[in-house]
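Engineer: what's the 3D shape of this:
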Amino acid sequence: MKGFLRQETRFSLCGLNCGLCRMSLDGYCPGCGGGAGNQSCAITRCSLERGGVAFCWQCPQYPCPRYDGFDDGDSFVPHQSRQRDIARARRMGLKAYLAELEEKRAILDALLAGYNDGRRKTLFCTAVYLLPLGELRDVMAALRSRAAPDGQTAKDRAQAAAALLQAAAERQGICLKLRKKPKNG
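Structural biologist: Just a heads-up that it's a prediction; the model follows:
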């Protein structure tokens, strides 16, 4: 939205982790208030109307009707953990939460650079988004302990990473598929 800039673009107004989104990684969306290419968003407009609150949860009217059905499906990132992520950021403090988000982003970057066969970007983004940091650290340690990645094909590396991420998700009771929004009517 024109004239709307935020200091923090890794964690959106509404509580989505934009720093882990494949659209952001590809340069298609800088997140709410990220400058050029910024996507039009009703929540961004609302923030402007409320004096530019940095995060919706800082607004005395949060949660408001704009959030009715918001978490029922996913966009390019999972919405199912949005409220939990907001609560975690508030409890930990934004600085500590963003430090964890940066570590998750480094793990995502490592997965995409060393284990992507060109078909796993959405899976890796979703897994890093949803899995707890400890599980992601364990997955990366397991990948590093395997045979030298140079001797494996990209497909073998991708399959190994995907299998470890899926096993971690199953341990946590997490589904790594993005949920489609329910159809109205």
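Engineer: what does stretch 64-72 contact?
Structural biologist: By C-beta atoms under 8 Å, 6 or more residues apart in numbering, the residues outside stretch 64-72 that reach it are 14, 42, 43, 46, 79, 80, 82, 83, 179, 181, 182. For the C-beta atoms, the positions are set from N, CA and C on the backbone; glycine is no exception.
Engineer: quick check: closest non-adjacent residue to the second one.
Structural biologist: If the residues on either side of it in the chain are set aside, residue 42 comes closest to residue 66, at 6.3 Å by C-beta to C-beta, 6 or more residues apart in numbering.
Engineer: what's around the one you found, how many residues?
Structural biologist: When neighbours are counted by other C-beta atoms under 10 Å, residue 66 registers 15.
Engineer: try residue 175
Structural biologist: Counted by other C-beta under 10 Å, the residues lying close to residue 175 total 14.
Engineer: for residue 164, same thing?
Structural biologist: For residue 164, the count of nearby residues is 21 (other C-beta under 10 Å).
Engineer: what's the distance between the residue of the chain most remote from its centre and residue 171?
Structural biologist: Within the chain, residue 151 marks the point farthest from the mean C-alpha position, 31.3 Å out by C-alpha atoms, centre = their mean. Distance, residue 151 to residue 171, using C-beta to C-beta, to the nearest Å: 28 Å.
Engineer: now swap in residue 11 and tell me
Structural biologist: The gap separating residue 11 from residue 171 is 26 Å, by C-beta to C-beta.
Engineer: who has more neighbours out of these two?
Structural biologist: Neighbours per residue, other C-beta under 10 Å: of residue 11 and residue 171, the larger number sits with residue 11, 24 against 11.
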